[in-house]
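Trainee: need coordinates for the below:
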Amino acid sequence: MTDLWSGTYAEPAYWTDTAEALIASAQLRPGMRILDLGSGAGGTLFRALDRVEASGHVTGIEIDSEWAAWLQQEIAKREIRNAENLRMDGKATDFPDNSFDAVILGMVGLDDDYDPDSATILNNAPTMREVRRVLKPGQFVYCSGWLWQDDTEWIGELVRRRLPGCVKRGYFPMSARDFSALLAFAEFEAIRTEDFDADYTFDHPAEWMACVDYMWEEELEHIKADPDSLSAFEQDALSLLADHADDNGKITYRRAAVLASAQKPLS
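Mentor: Purely as a prediction, here's the structure:
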């Protein structure tokens, strides 16, 4: 049987593509002071830094302590003096009002603000209201979110066969309409959205498994604990992936995203 578990995780191309698309859509200029909310591994932070150049500054914030520390170390390792990364909750930051020339939210989960299944604003939209507070009047927020992830839908389907009670999707889908509703509720203007999607490939089933394993670790540990369940899962996975393989054995899939921007009113 083909080995499903020998791959190592490497950042997939879709993270690079979506980060580049979001920053390309943003009106960032040299000298601007930028907030990168939900900075993660720095996909949008470093690209924004290139746009604002040495005269500008990018502050990243990340609620996950490990990622926050890792990215700050990476900034120090690269000897970058006009960027920083702080551990901070995007729903309640320490920044004064009107602090930033732009705010970026690249693939940030807004599940505390909005429920796409019911199209409902939650908790008075704390993240987006905080974004509006720290953004200077007349300036823009730039957001992106997943519309569709083929590969994550596949793993969800397989996991639910072994764990019927699992309702996890692995991502938080927000459409252009959802972003528009959330931004309008937070009293932004000039709201614009566009879809972005592309096809990608995994070279081998184990490469796919390594990429999704970190998101579904808890569920997969339950499956691995039962040898019969694990064997059935492996057979199902390899059969499903074979349906998406080309003549060279590369597994093709699609990810779709939405890019959104909006302006804080001047008054």
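Trainee: looking at this, Asp89 is in a helix?
Mentor: No: Asp89 is assigned coil when assessed by DSSP: H, G, I helix; E, B strand; the rest coil, not a helix.
Trainee: for the stretch 1-150 of the chain, give me the ranges with low pLDDT.
Mentor: 1-2 (pLDDT under 70).
Trainee: show me where it has strands.
Mentor: 33-37, 57-62, 83-87, 100-106, 114-115, 120-121, 135-149 (DSSP state E, counting those that start in this stretch).
Trainee: who wins for proximity to Ala262 among those strands?
Mentor: Shortest distance between Ala262 and the strands of the stretch 1-150 of the chain, using Cβ to Cβ, is found for strand 135-149: 5.6 Å. Quick note: C-beta positions are derived from backbone N, CA and C, even for glycine.
Trainee: just how off-centre is the longest helix seen in the chain within its chain?
Mentor: In the chain, ranked by residue count with DSSP state H as the criterion, the top helix is helix 227-243. Using Cα atoms, centre = their mean, to the nearest Å, the mean C-alpha position of helix 227-243 is found 28 Å from that of the whole chain.
Trainee: let me know the secondary structure of the closest residue to Asp151 other than its chain neighbours.
Mentor: Spatial nearest neighbour of Asp151, excluding adjacent residues (Cβ to Cβ, 6 or more residues apart in numbering): Tyr253 at 4.7 Å. Going by three-state DSSP, the secondary structure assigned to Tyr253 is strand.
Trainee: tell me the spacing between the residue lying closest to Asn82 once chain neighbours are set aside and Ile80.
Mentor: Excluding the flanking residues, the one nearest Asn82 by Cβ to Cβ, 6+ apart is His57, at 4.8 Å. According to Cβ to Cβ, to the nearest Å, His57 and Ile80 sit 10 Å apart.
Trainee: neighbour count winner among those two?
Mentor: Neighbour count, other Cβ atoms under 10 Å: between His57 and Ile80, His57 has more, with 19 against 15.
Trainee: could you find the closest non-adjacent residue to the residue nearest the centre of the chain?
Mentor: When Cα atoms, centre = their mean is applied to the chain, the residue found nearest the centroid is Met107 (2.7 Å). Closest residue to Met107 apart from its sequence neighbours, by Cβ to Cβ, 6+ apart: Ser144 at 5.6 Å.
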